[in-house]
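Participant: Show me how the following folds:
(one chain, ligands or ions: 2)
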Amino acid sequence: MEPPVSPRQIMTVDEMKAADAAAVAAGAPVTTLMERAGKGAADAIRARWSRRPVVIWCGPGDNGGDGYVIARSLRRRGWPVRVEALASPVSPACRWAAERWRGEVHPLNPAVSPAELYVDALFGAGLSRPLEGLAEELARAAQGLSSRIVAVDTPSGVHGDTGEPLGENAFAAALTVTFHRRKPAHVLAPGRAACGEVEVIDIGLSETGAGDLVENDPGLWSVRFPWPSNDAHKHARGRLVVVSGEAWSTGAARLSARAGLRVGAGVVTLLSPPGALAVNAAHLEAVMLAPFETDADLAVLADRAAAAVIGPAAGVGEATARNLTALAGTGAALVVDADALTSFAHAPDELFARLDRDDVLTPHAGEFERLFPGLLKASPERIAAAREAARRAGAIVLLKGPDTVIAAPDGRTAVSLNGSPWLATAGSGDVLAGFIAGLAAQGMDSFDAACAGAWIHAECAAIHGPGLIAEDLPGLAPAVLKRLWEVRGQPLP
Ligand SMILES: NC(=O)C1=CN([C@@H]2O[C@H](COP(=O)(O)OP(=O)(O)OC[C@H]3O[C@@H](n4cnc5c(N)ncnc54)[C@H](OP(=O)(O)O)[C@@H]3O)[C@@H](O)[C@H]2O)[C@@H](O)CC1
Ligand SMILES: [K+]
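Facilitator: Ligands and ions are numbered 1, 2, ... in the order given. Below you'll find the predicted structure:
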């Protein structure tokens, strides 16, 4: 039986327009879609707020049309509704919806009329120029009000494909209701913060397939999670090796190793320079330890490993570059992090030449800039940057951030929605590298492993909350794994 889960697509503005046009061509009138959109939005509002005075700001296009439907729907439920219009309706569907609103229509009050709740139905995700005139004045005046604003589709003035404000002033909301699928603005910073909570409303468009750009949640990878079989033994659950730094910088690699073990790798070995053996030995239990002196030793020790982590506090320089080269010659899937990334800052192409398509680079924005100079700045947003980076590297690129983007060279791309501010702490990236490598060691496809590792990592942080340090993260993984195990193949509750 097919489990009832599937990856959730993120649609660009153009893809959404095409889906919309296809629905209309197939016989669904725009007004029917608008009616569903507005009713769904009104239901989402009523599910969160009790009846109270509400002002609805309507624009001249179909976003405004949704506003008139919301107004009608809320008034029918007894809400005191005041409609304010930026301009007369321009689009036919907006005109249709405005005609069906039997109440008064007031001019937009840029000083913000008194109310307890506001609905921003001025412009949607397709807006292509900055807010101007009264809309811009209102956006400025409404700056402190976001906890009482519901945005329709996107907060007006935010670019649907980038999440960036189009001009100096844009709206922000406590709740954003959008239709059919999330758009990049709902998942990428800073748009995601401007949206507040996002609810996606089904307006009856036909299934558009998963596409290449999806939300990173268990629907994407849970059916391929590498759970142990009943007759599993430790060697069948995957061997992981992690390269330790010198004696004064060994903790980071131990965090990775512990994380790899926690996420299920059967045998995890820390490969340590001789000078760091004693300190590593003093801090390890289930993780094993083996010494290496040269890159040739490393290649032999990693020969039977399914995955390897190199980078956490490994030291920046020639030695780490040589060690990476040795590991790249084995069959192990590499997770390349931190110092191993920076060791190739002078010659990124040398790194890329050594990588396979199942290797994973895990840069934060600073490391990304070292390997792909100028790419982030030249890209419209982080999705495009990560995709181009994966293409250049010929490997999976996980660009860390509150909106972690994971891109594979074949175009598959996922954006994490569960990013947590508590992860902004030393060593948290080392644990992430270990989670990813631990999953890859068990045979999980590296893109799936990167997505699952990032998701589990963020869930661990959410469970712990304030006071989190990286040492806490591996110990929190069992609670997250247990939830995945209990609902394996089913959507998470
Ligand atoms: N997709 C779907 O399936 C469904 C979508 N629905 C809804 O449709 C919305 C998209 O509607 P939309 O395309 O009419 O765009 P929208 O944002 O309302 O505004 C366009 C108008 O604004 C004008 N304009 C632009 N910039 C301006 C500016 N700075 N200052 C002043 N004016 C400006 C622009 O003029 P132009 O740029 O052409 O000169 C044009 O007249 C979408 O967000 C969703 O809510 C649902 O109803 C049902 C199903
Ligand atoms: K809006």
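Participant: From now on I want contacts and neighbour counts done on CA atoms only, so please keep to that.
Facilitator: Fine.
Participant: what residues does the stretch 101-250 of the chain put near ligand 2?
Facilitator: Counting by C-alpha under 5 Å from the ion, the stretch 101-250 of the chain comes close to ligand 2 at 120-124, 151-152, 154-156.
Participant: From the rest of the structure, what touches whatever helix or strand Ala71 lives in?
Facilitator: Assigned by DSSP states H and E, Ala71 belongs to helix 62-76. Residues outside helix 62-76 that contact it (C-alpha atoms under 8 Å, 6 or more residues apart in numbering): 34-35, 37-39, 41-42, 56-59, 81-83, 89, 91, 93-98, 100-102, 119-124, 152-153.
Participant: hmm, back to that, any idea which of the residues of the stretch 101-250 of the chain next to ligand 2 is the one closest to Ala440?
Facilitator: Using C-alpha to C-alpha, Thr154 is the member of those that sits closest to Ala440, with 37.1 Å.
Participant: Relative to ligand 1, how far out is the closest one?
Facilitator: Taking C-alpha to the nearest ligand atom, to the nearest Å as the measure, Thr154 falls 7 Å from ligand 1.
Participant: follow-up on the earlier one: ok now the next helix-or-strand element following the helix holding Ala71, how far from the chain's centre?
Facilitator: Counting by DSSP H and E, the next helix or strand C-terminal to helix 62-76 is strand 81-85. With C-alpha atoms, centre = their mean, to the nearest Å as the basis, strand 81-85 stands 35 Å off its chain's centre.
Participant: In this structure, what helix or strand scores lowest on average pLDDT?
Facilitator: The weakest-scoring helix or strand in the chain, judged by mean pLDDT, DSSP states H and E, is helix 13-25 (a mean of 91).
Participant: Check whether the next helix or strand after that one comes near ligand 2.
Facilitator: Moving toward the C-terminus from helix 13-25, the next helix or strand (DSSP H and E) is helix 30-48. No - Helix 30-48 stays clear of ligand 2 (C-alpha under 5 Å from the ion), getting no nearer than 11.7 Å.
Participant: May I see the buried residues of helix 30-48?
Facilitator: Across helix 30-48, burial judged by 16 or more other C-alpha atoms under 10 Å covers 30-31, 33-45.
Participant: mind showing which ranges of this structure have poor pLDDT?
Facilitator: 1-5, 208-210, 489-493 (pLDDT under 70).
Participant: Give me the nearest residue to the residue nearest to the spatial centre of the chain, chain neighbours excluded.
Facilitator: Most central in the chain under C-alpha atoms, centre = their mean is Ser416, positioned 1.9 Å from the mean C-alpha point. Nearest non-adjacent residue to Ser416, counting by C-alpha to C-alpha, 6 or more residues apart in numbering: Asn216, 4.7 Å away.
Participant: One more: His235?
Facilitator: Gly266 (5.8 Å).
Participant: Trp96: which element?
Facilitator: helix 92-99.
Participant: repeat for Glu199
Facilitator: Going by DSSP H and E, Glu199 is in strand 197-201.
Participant: Can you spell out which helices and strands pack onto whichever helix or strand comes after that strand?
Facilitator: Downstream of strand 197-201, the next assigned helix or strand under DSSP H and E is strand 213-216. When contacts are defined as 3 or more C-alpha pairs under 8 Å, 6 or more residues apart in numbering; DSSP states H and E, strand 213-216 packs onto strand 413-416, helix 446-464.
Participant: Strand 213-216: how far from the chain's middle?
Facilitator: 7 Å.
Participant: Output that strand as CSV, nothing but the C-alphas.
Facilitator: What follows is strand 213-216 as a C-alpha-only set of coordinates in CSV (Å, rounded to 0.1, in the frame of the first residue of the first chain):
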residue,chain,number,x,y,z
LEU,A,213,11.4,22.2,-5.3
VAL,A,214,9.8,20.8,-2.1
GLU,A,215,9.4,21.4,1.6
ASN,A,216,11.9,19.4,3.7
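Participant: quick one: contacts of that strand?
Facilitator: 7-11, 220, 412-417, 451-452, 455.
Participant: Nearest to His346 among these?
Facilitator: Top of the list for closeness to His346, among the contacts of strand 213-216 and by C-alpha to C-alpha, is Thr413 at 27.3 Å.
Participant: Return the residues of the stretch 51-200 of the chain in contact with ligand 1.
Facilitator: 60-64, 66, 90, 123-127, 129-132, 152-153 (C-alpha under 6 Å from any ligand atom).
Participant: Just the ones of these in helices?
Facilitator: Using DSSP state H, the members of those that fall within helices are 62-64, 66.
Participant: Please tell me which one of those counts the most neighbours.
Facilitator: Within those, neighbour counts (other C-alpha atoms under 10 Å) peak at Gly64, which reaches 33 neighbours.
Participant: Relative to Val105, how far out is the closest residue in space to that residue that isn't next to it in sequence?
Facilitator: Leaving out its chain neighbours, the residue that sits closest to Gly64 by C-alpha to C-alpha, 6+ apart is Cys58, at 4.2 Å. The spacing between Cys58 and Val105, counted by C-alpha to C-alpha, to the nearest Å, is 9 Å.
Participant: who's more crowded, the two?
Facilitator: Cys58 (31 against 17).
Participant: correct me, but that one touches Tyr118?
Facilitator: No - contact criterion C-alpha atoms under 8 Å: Cys58 and Tyr118 do not qualify, at 10.8 Å.
Participant: Tell me how many other residues crowd whatever residue of the stretch 251-400 of the chain ends up closest to ligand 1.
Facilitator: Closest approach of the stretch 251-400 of the chain to ligand 1 (C-alpha to the nearest ligand atom) occurs at Pro380, with a separation of 19.4 Å. For Pro380, the count of nearby residues is 14 (other C-alpha under 10 Å).
Participant: distance of it from Cys195?
Facilitator: Distance from Pro380 to Cys195, by C-alpha to C-alpha: 19 Å.
Participant: same thing with Ala236?
Facilitator: Taken as C-alpha to C-alpha, the span from Ala236 to Cys195 is 45 Å.
Participant: neighbour count winner among these two?
Facilitator: Applying other C-alpha under 10 Å to Ala236 and Cys195 shows that Cys195 carries more neighbours, namely 31 against 16.
Participant: thinking that one is in contact with Ala173, fair?
Facilitator: Yes - Cys195 lies in contact with Ala173 (C-alpha under 8 Å); the separation is 5.3 Å.
Participant: Where do the helices of the stretch 201-350 of the chain begin and end?
Facilitator: 218-221, 251-262, 277-281, 295-301, 318-328, 338-342, 348-354 (DSSP state H, counting those that start in this stretch).
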